[in-house]
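Visitor: Sequence plus predicted model, see below.
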There are 2 protein chains.
Amino acid sequence: MTIPTLYPAEDLRMLAQALLVMAGTPVRYAGVVAEALVDADIEGLGSHGLMLLPMYLERIEKGSVDAGASGEIVVDNGSCATLDAGDALGHVSAEKATALVIERAREHCLAAVAVRNAFHFGAVGRFARKIALAGQIGIVMANTRPLLPAPGGAERVVGNNPLAIAVPTGSEPLVLDLAMSAGAMGKIRLAESRGEPIPEGWAATADGMATTDAAEAIKGMLLPAAGAKGFGLAVMVDLLAGGLSGGAIGDAVRPLYGDLSQPYASANLFIAIDIAGFRPLAEFEAAATGFAERVRGSKPVPGGASVRMPGDRAAKAHRDFDGTCRIAPATLSALRAAAERLGVPFPSSLS
Amino acid sequence: MTIPTLYPAEDLRMLAQALLVMAGTPVRYAGVVAEALVDADIEGLGSHGLMLLPMYLERIEKGSVDAGASGEIVVDNGSCATLDAGDALGHVSAEKATALVIERAREHCLAAVAVRNAFHFGAVGRFARKIALAGQIGIVMANTRPLLPAPGGAERVVGNNPLAIAVPTGSEPLVLDLAMSAGAMGKIRLAESRGEPIPEGWAATADGMATTDAAEAIKGMLLPAAGAKGFGLAVMVDLLAGGLSGGAIGDAVRPLYGDLSQPYASANLFIAIDIAGFRPLAEFEAAATGFAERVRGSKPVPGGASVRMPGDRAAKAHRDFDGTCRIAPATLSALRAAAERLGVPFPSSLS
């Protein structure tokens, strides 16, 4: 019952797009979101995959996500701009911010686009990678509602804010995508949906006691990775994304799975550095590739597998893609229920 | 013998400056370095303090540091520039890069200065803080010779690369300054000089075995903080600093304490984001201050001390400064030997 099963990715993508369209999303925006969700499942990032879609749909129906919006530029100083996402689907406003920051970095060498009133947009690495594919260094971050205490604190004060950095190599970019807790809330939700425990050191209960119970962790706190280091980075993401955009910081960001009629109110920051502003892109790519090969070829621990660079696992998942991806039964049931409610045919391949 | 003792900070600063001048450093540059070293000792960052000075002096004498240099701008595209530090004293080239990136960010909203052929410049947070004092977000990073294996690796492939992010608040900036290992090499050297063990989880021997012996750790490897997270950030600092500057990446950076006649060959990156490009600075500062106060006022663990924001400890050290700072006996002995060699009077207050 709780073991994820392999399903045709293209059928899942079409179903997701149709569900979003029937909920009122323009076809092109629905395609952007559906592709991102299925890509996450292909990459094994179930927490950023289709398990999110029923909640997205409910938020559209309840009005906290404006499926027709893509965001408006409200501050524009060339290299610096602010997008008010207006509660657009997160992947849609993130695509817009990504395209804008790439264009502005081409003009100005460096550019930054801050986004406020943003909805959840999945893996930050997806958008950093797109910037890297344009021959630029991409840095993307977002804040979430508070989930982490400070070191020595017993109260959630800062989000488990993700940060991605991607660099071009001439082929597949190197992509670092990390959140600031020892374990991601999405993975804890996935564990909860699968009825599995979470690793020790990931979370504390609302009273600050260590726990491996996913449900207790969701009600409690995530512990920052490496103590003050993970905490400090989370704080800085909140200050940069929320502070520059004039959007929400800390407690002003709402729970993703809380009252689904209330906007999420996240803030994001997209930074792009055009490598040509410093040196020929091909030189940089050769240096990055050389370093990556040096690391991948380094000696593993006795009996260990080969050593990976940031992003290698996701890239391998796409290389090895056979047309199927793994979906948890609970996610498939929720998609089926949404299909029935919205009047979307449920493909026989997913039954 | 091995317990650090309190000495007058101003006498230490004057001694350090005189030693640098007698070794051939222009007075102004010597003042910059001396102040930075003593500030680190005041802040309790002994690893970035005067313990470094004897090595700096020896490098000047052996020619791997050019005490008269401050670096030359070799690429200039306005918002993006590259400084070839030419083996200048690190604090001197870092001051130059900091001033340049602030000036360029004022003009262009965003700016980045990459630095190659750089020597060690102490705490990256010092320079990020200076950018924040100019009303900008400061991001500063540097690479070091490889000290960390990849997760699952048994070979040093990437430096324990420091990264700092600082934001203005209207009063003292919030300053995050982290290295990517569980514990800093400087602190391990300090432990070695004091004959103390290092905490578990900080290091492995050259064979990859866990160790708490500082000398074994120095010959071996530092372990990345939070595994793939610390490792990934270290990789990105190497790629950004070394890659953009056209300087050294990975193995091309030399040991700080290796052959002192060989240039260190570090690479740095300084990024500044002028907040006025997005919104009025005072608004940002109010938001940052509000968030900081929320975090500092959060509930501590039972029996715990109050909660700190990044940089609070260093700021408190300066507020509480009583004119003295703590210096290890080994450091003082080395300074005395240098003073004798260079013909600098050794102040009686330090005896």
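Guide: It's in.

Visitor: what's the distance between residue A:19 and chain B?
Guide: 34 Å (C-beta to the nearest C-beta, to the nearest Å). C-betas here are computed from N, CA, C, even on glycine.

Visitor: so what's the residue most central in space within chain A up against?
Guide: Ranked by distance to the mean C-alpha position of chain A (C-alpha atoms, centre = their mean), the top residue is residue A:123 at 1.9 Å. Neighbouring residues of residue A:123 by C-beta atoms under 8 Å, 6 or more residues apart in numbering or on different chains: A:36, A:40, A:43, A:45, A:48, A:162, A:164, A:177.

Visitor: ok, which stretches of chain A are strands?
Guide: With DSSP state E, the ranges of strands along chain A come out as A:5-8, A:72-76, A:80-84, A:110-118, A:136-142, A:146-148, A:158-159, A:163-167, A:174-178, A:203-204, A:210-211, A:221-222, A:266-274, A:324-327.

Visitor: name the helices or strands packed onto the first one?
Guide: Secondary-structure packing of strand A:5-8 (3 or more C-beta pairs under 8 Å, 6 or more residues apart in numbering or on different chains; DSSP states H and E): strand A:324-327, helix A:329-342.

Visitor: so for it, what's the average pLDDT?
Guide: The average pLDDT for strand A:5-8 rounds to 93.

Visitor: Return the set of buried residues in that strand.
Guide: residue A:7 (16 or more other C-beta atoms under 10 Å in any protein chain shown).

Visitor: So what are the sheet partners of that strand and their directions?
Guide: Strand A:5-8 sits in its sheet next to strand A:324-327 (antiparallel), going by DSSP bridges.

Visitor: same question, the second one
Guide: Paired with strand A:72-76 in the same sheet, following DSSP bridges, are strand A:80-84 (antiparallel).

Visitor: which ones are touching the residue nearest to residue A:158 when sequence neighbours are not counted?
Guide: Excluding its sequence neighbours, the residue lying closest to residue A:158 (C-beta to C-beta, 6 or more residues apart in numbering or on different chains) is residue A:234, at 4.6 Å. By C-beta under 8 Å, 6+ apart, the residues touching residue A:234 are A:148, A:158, A:159, A:160, A:161, A:180, A:224.

Visitor: Which one of those residues sits in the busiest neighbourhood?
Guide: The most crowded member of the contacts of residue A:234, judged by other C-beta atoms under 10 Å in any protein chain shown, is residue A:158 (34 neighbours).

Visitor: Bridged to that residue, which residues?
Guide: Applying DSSP bridges, one finds that residue A:158 bridges with residue A:148.

Visitor: ok, the closest residue to chain B within the stretch 51-200 of chain A to residue A:110 distance?
Guide: Relative to chain B, the nearest point of the stretch 51-200 of chain A is residue A:80 (3.4 Å; C-beta to the nearest C-beta). Distance of residue A:80 to residue A:110, given as C-beta to C-beta, to the nearest Å: 9 Å.

Visitor: swap in residue A:95?
Guide: The spacing between residue A:95 and residue A:110, counted by C-beta to C-beta, is 21 Å.

Visitor: More neighbours: the two, which one.
Guide: Counted by other C-beta under 10 Å, residue A:95 and residue A:110 do not tie: residue A:110 has more neighbours, with 30 against 23.

Visitor: hang on, isn't residue A:253 packed against residue A:142?
Guide: No. If you go by C-beta atoms under 8 Å, residue A:253 and residue A:142 don't touch, sitting 9.3 Å apart.

Visitor: just to revisit the earlier point, what's the closest of the contacts of residue A:123 to residue B:316?
Guide: Here the nearest of the contacts of residue A:123 to residue B:316, counting by C-beta to C-beta, is residue A:162; it sits at 30.6 Å.

Visitor: ok, that closest one touching residue A:122?
Guide: No. Using C-beta under 8 Å, residue A:162 and residue A:122 do not qualify as a contacting pair, with a distance of 9.6 Å.

Visitor: List, one by one, the residues from the stretch 1-150 of chain A near chain B.
Guide: Within the stretch 1-150 of chain A, the residues that sit near chain B (C-beta under 8 Å from any C-beta of the partner chain) are A:75, A:77-80, A:82, A:108-112, A:114, A:137, A:149-150.

Visitor: Just the buried ones from those residues?
Guide: Buried members of the residues of the stretch 1-150 of chain A next to chain B, scored by 16+ other C-beta under 10 Å, are A:75, A:77, A:79-80, A:82, A:108-112, A:114, A:137, A:149-150.

Visitor: Please identify which of those is nearest to residue A:102.
Guide: residue A:111 (7.9 Å).

Visitor: Flag the shaky bits of the stretch 1-150 of chain A, pLDDT-wise.
Guide: A:1-2 (pLDDT under 70).

Visitor: So for residue A:178, what's the nearest residue that isn't a sequence neighbour?
Guide: Closest to residue A:178 by C-beta to C-beta, 6+ apart is residue B:229, at 4.7 Å.

Visitor: pLDDT wise, what is that neighbour at?
Guide: Note for residue B:229: predicted pLDDT of 97.

Visitor: now residue A:301
Guide: 85.

Visitor: residue contacts, the nearest residue to it once chain neighbours are set aside?
Guide: Counting by C-beta to C-beta, 6+ apart, residue B:154 is the residue found nearest to residue A:301 once chain neighbours are left out, at 4.8 Å. With contact set as C-beta under 8 Å, 6+ apart, residue B:154 has these partners: A:298, A:299, A:300, A:301, A:302, A:304, B:204, B:207, B:208.

Visitor: Kindly indicate the member of the residues you listed with the most neighbours.
Guide: Ranking the contacts of residue B:154 using other C-beta under 10 Å puts residue B:204 first, with 21 neighbours.

Visitor: could you check the distance from the residue in the stretch 151-300 of chain A positioned nearest to chain B over to residue B:76?
Guide: Among all residues of the stretch 151-300 of chain A, residue A:277 sits closest to chain B, at 3.4 Å; criterion: C-beta to the nearest C-beta. Using C-beta to C-beta, residue A:277 is found at 10 Å from residue B:76.

Visitor: out of the two, which sits in the busier spot?
Guide: residue A:277 (23 against 14).

Visitor: Any figure for the gap between that one and residue B:106?
Guide: 18 Å.

Visitor: what ranges do the helices span in the stretch 151-300 of chain A?
Guide: Along the stretch 151-300 of chain A, the segments classed as helices by DSSP state H, counting those that start in this stretch run A:185-194, A:214-219, A:228-237, A:243-245, A:281-296.
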